[in-house]
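>>> Here's a sequence, model it:
(4 chains)
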Protein chains: 2
Amino acid sequence: MSPEHDLPNGAEQRQRVTSRDVAAAAGVHQSTVSRVLNGDQRISNNTRKRVEATAEQLGYVPSKRAQNLRTRRSGVVGVMVHDIDNAFYLSLLSDMHRELSAVGYSIVLIVDPLHRRSDISRMRHLFDDSLDGMLITTAMIDSEIPPALRARGMPLVLAVRSMPDLDVDTVESDNVAAGREAARHLVALGHTDIAVAMGPKETSTTRDRLRGVLDVIQTELPPDRVMHGPYRHETGYAMCRRLMMGERPPTAIIAGNDVMAIGVLDSAWRTGLSTPEDLSVLGFDDIPMAAWQAINLTTVRQDSKAIAEQAARRLVDRIDQPDSPPHHDIFPVSLTVRATTGPPRAKHPRN
Amino acid sequence: MSPEHDLPNGAEQRQRVTSRDVAAAAGVHQSTVSRVLNGDQRISNNTRKRVEATAEQLGYVPSKRAQNLRTRRSGVVGVMVHDIDNAFYLSLLSDMHRELSAVGYSIVLIVDPLHRRSDISRMRHLFDDSLDGMLITTAMIDSEIPPALRARGMPLVLAVRSMPDLDVDTVESDNVAAGREAARHLVALGHTDIAVAMGPKETSTTRDRLRGVLDVIQTELPPDRVMHGPYRHETGYAMCRRLMMGERPPTAIIAGNDVMAIGVLDSAWRTGLSTPEDLSVLGFDDIPMAAWQAINLTTVRQDSKAIAEQAARRLVDRIDQPDSPPHHDIFPVSLTVRATTGPPRAKHPRN
DNA sequence: TTGTACGCGTTATCAG
DNA sequence: CTGATAACGCGTACAA
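Residues are numbered from 1 along each chain as shown, chains lettered A, B, ... in the order given. Here you go, the predicted model:
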């Protein structure tokens, strides 16, 4: 970026109005102006009115930069998300924003690329003092950033995904229960050959949902029935292709989340399979799109709004009370049955 | 939020390491530390090494807050978007983030609620000096914020939507051409009764696309064939319902954007209509979802990546050169024909 | 009720 | 090549 241009050139016309200017114009001291604007009670109504009037008239707005330095707070929290193309993370972001801006915080976006490891050196700016706290939705089991931030004393909340080895405020769904619900539903329908097309092994969501599924199935899944990959549409697409082109395609696929499940559906439909007759498909999250007529996906609902709001509240509390013991909030999930799951077709060789 | 707690209580343990601490430990003056970390050339290799070593060892990170005050720059730009549930705005945000963070800027999210007017008093924080610039994607023809920001000398770029009365950097698609492409396609297929289910009247996108459509149709559309509403899925859904339940349903609907078009499709399919036999549907943007098998929407593509990147570059330039003349970039669009448009069914009364 | 004085942690200018 | 010193614009204890 350009260095500071030396003094009175073009750009300098728009000098800011400072509290000193207001003070001079109102015939009081700068500190009085400061007091008035901070609602100090012991200011006479008279001067308060006068100061407020001249401030208004001069169009004075206090310098956030100076306030930040002085108060050692910035009123800004970072929210770490992945490359954003998942409706779940979007509404999460939006809900967090509503909750945080209501209490005076702004949000800066920290994008943790889904594909490549976010090394700590590229994230130096998280360690300057520009943020009052961080909300992290992209934690992996072995992420380096969260422990590093914690060691630095940065107020921190993990949302959606947890880290077993890190004792910080965490807000997530009961993903083991989610996995169980999913598997129970399919087993109850009569499926015996279920494949799982999950997200990355290193995430707590994947690990927990998978554990829930295995709890119910009660038997190890053969290796070709368990796949892992990024939480993306195209991952689901590719996994479904691989599974259904194989020797003995499964009768049901549990996808890592709705976006992947829709990728699975997209692939299935494109190759002429119909759901649920040829294949049952089930996701997690219940993003709005899952309810659309054209998709109509059976899924295990996760309450993203509750998670977002609770995580935001926990962060605000943590900033105010850095030393209180961490909380771990777990929200319930619920199965929503729609049109992509049904009994498997009676057994006979497909031609 | 909590006031500053008086001194040496709990939270104060984690005092920041300052350049003074480093200076003391390295046996130099604080200003030397500053010079080393800013890569000043006239520092002896000897002391440079020593200072860098002790800085590293003490875990020193320069205070952004102090830098901001001193340099009068924050390295933060605001990006104004609507309540985020449109994939188009999401990828826009993500692309802008990539481009801006590459040159050292952070992004703070400003959410302009889609439903209620964002009055200027609720947006006071845009006028403190915490932002180096603003990228606005939510401009309406009569928005108050952009002119107010401009009057204050805030570097400003309008992306996606323009404001005819405001002479600032603007980056948008050729929406008139987009409207023409849409109408030409349907007319060529033989449609003569086309309805438009557009976005808000007060947006340049709506206004321009509608103008393009009328250019081609060459006749005024009857009032019941033109509808306006927020750019949302449910708006498209409701409009389709109203249109198709009426006396003489149209044979084609041009929707304001893809999200609305998908709402239209959702409604049509839910009531048993099939596309394109009973109804042709066409959108704008070409969001990724439009290409999914389950949707397969004919749409006029808008190059959101190019717009995002160009807008980001323009803003960076504007911040560096506040007084250069504004640019107006217009990107071409292109029709993508998929499965939701076709010839109208031969005329006979529906039963 | 208000003015005085100082410091938040840097960057930048001026000496030496 | 490096040290001393002055801002940047505010909040706040202390004095009056």
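>>> Model confidence score at the residue of the stretch 251-351 of chain A at minimum distance from DNA strand C, please.
Evaluated by C-beta to the nearest atom of the strand, the stretch 251-351 of chain A has residue A:322 as its residue closest to DNA strand C, separated by 16.2 Å. All C-beta spots, glycine's among them, are computed from the backbone N, C-alpha and C. Residue A:322 is assigned a pLDDT of 92 by the prediction.
>>> Same check on residue A:10?
Predicted confidence (pLDDT) for residue A:10: 31.
>>> what does residue A:89 give?
84.
>>> wait, it sits on residue A:83?
No - Residue A:89 is beyond contact range of residue A:83, at 9.4 Å (criterion: C-beta atoms under 8 Å).
>>> Just want to know which of these two has more residues nearby.
residue A:89 (25 against 19; other C-beta atoms under 10 Å in any protein chain shown).
>>> near DNA strand D, which residues of chain A?
A:16, A:18-20, A:30-31, A:34-35, A:37-38, A:60, A:62-63, A:65-67, A:69-71 (C-beta under 7 Å from any atom of the strand).
>>> What's the ChimeraX syntax to select whichever of the residues you listed are buried?
The ChimeraX selection below is limited to those of the residues of chain A next to DNA strand D classed as buried (16 or more other C-beta atoms under 10 Å in any protein chain shown):
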select /A:16,18,19,34,35,37,60,62,63,65,66,67,69
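>>> Quickly find the element holding the residue of the stretch 251-351 of chain A closest to DNA strand C.
Secondary structure assignment for residue A:322, by DSSP states H and E: no helix or strand.
>>> Could you chop chain A up by domain?
By the assignment in automatic domain parsing, chain A contains the domains A:3-62, A:74-173+A:304-331, A:175-302.
>>> With residue B:203 as the reference, name the closest of those domains.
Nearest of the domains of chain A to residue B:203, taken as C-beta to C-beta: domain A:74-173+A:304-331 at 20.3 Å.
>>> measure the closest one end to end?
31 Å (C-alpha to C-alpha, to the nearest Å).
>>> Can you tell me which of the domains of chain A is most buried?
Mean neighbour count (mean count of other C-beta atoms under 10 Å in any protein chain shown) peaks for domain A:175-302 among the domains of chain A, with a mean of 21.
>>> now check that domain, is it near chain B?
Yes - Domain A:175-302 reaches chain B (C-beta under 8 Å from any C-beta of the partner chain) through A:233, A:262, A:265-266, A:269-270, A:288-289, A:292-295.
>>> Give me the contact list for stretch A:112-129.
A:72, A:74, A:78, A:80-83, A:110, A:134, A:138, A:144-145, A:148-149, A:152, A:154, A:230-232, B:16, B:61-65, B:106 (C-beta atoms under 8 Å, 6 or more residues apart in numbering or on different chains).
>>> what does stretch A:48-57 give?
Taking C-beta under 8 Å, 6+ apart as the rule, stretch A:48-57 contacts A:22, A:25-28, A:32-33, A:36-37, A:60.
>>> part of a strand, is residue A:110?
Yes - when DSSP: H, G, I helix; E, B strand; the rest coil is applied, residue A:110 is found to be in a strand.
>>> how about the nearest residue to residue A:114 once chain neighbours are set aside, what does it touch?
Nearest in space to residue A:114, with sequence neighbours left out and distances taken as C-beta to C-beta, 6 or more residues apart in numbering or on different chains, is residue A:82 at 4.5 Å. Contact partners of residue A:82, counting by C-beta under 8 Å, 6+ apart, are A:89, A:111-114, A:137-138, A:231.
>>> Tell me the confidence at the residue of the stretch 101-250 of chain A found nearest DNA strand D?
Nearest to DNA strand D in the stretch 101-250 of chain A, going by C-beta to the nearest atom of the strand, is residue A:104, at a distance of 13.2 Å. On pLDDT, residue A:104 comes in at 92.
>>> where does residue A:228 fall, phi/psi-wise?
With angles defined as degrees, to the nearest 10, residue A:228 sits at phi -130, psi 150.
>>> separation between the residue lying closest to it once chain neighbours are set aside and DNA strand C?
Leaving aside its chain neighbours, residue A:228 sits nearest to residue A:201 (4.9 Å; criterion: C-beta to C-beta, 6+ apart). Here the criterion is C-beta to the nearest atom of the strand, to the nearest Å. By it, residue A:201 lies 40 Å from DNA strand C.
>>> Just to be sure, residue A:201 is in a strand?
No - assessed by three-state DSSP, residue A:201 does not belong to a strand; its assignment is coil.
>>> how far away is it from residue B:181?
The gap separating residue A:201 from residue B:181 is 46 Å, by C-beta to C-beta, to the nearest Å.
>>> Mind putting the residues of domain A:175-302 next to chain B into a markdown table with secondary structure, distance to residue B:54 and pLDDT?
Output for these, formatted as a markdown table (DSSP: H, G, I helix; E, B strand; the rest coil; distance: C-beta to C-beta, whole Å; pLDDT from 0 to 100):
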| residue | secondary structure | distance to residue B:54 | pLDDT |
| --- | --- | --- | --- |
| A:233 | helix | 49 | 91 |
| A:262 | helix | 54 | 95 |
| A:265 | helix | 58 | 96 |
| A:266 | helix | 57 | 94 |
| A:269 | helix | 63 | 93 |
| A:270 | helix | 61 | 90 |
| A:288 | helix | 54 | 89 |
| A:289 | helix | 54 | 89 |
| A:292 | coil | 59 | 89 |
| A:293 | coil | 65 | 86 |
| A:294 | coil | 62 | 86 |
| A:295 | coil | 59 | 92 |
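>>> Let me know the closest of those residues to DNA strand D.
residue A:288 (41.6 Å).
>>> Which residues are in contact with the closest residue to the closest one other than its chain neighbours?
Closest residue in space to residue A:288, ignoring its immediate chain neighbours: residue A:87 at 6.3 Å, by C-beta to C-beta, 6+ apart. Residue A:87 is in contact with A:258-259, A:287-289, B:85, B:87, counting by C-beta under 8 Å, 6+ apart.
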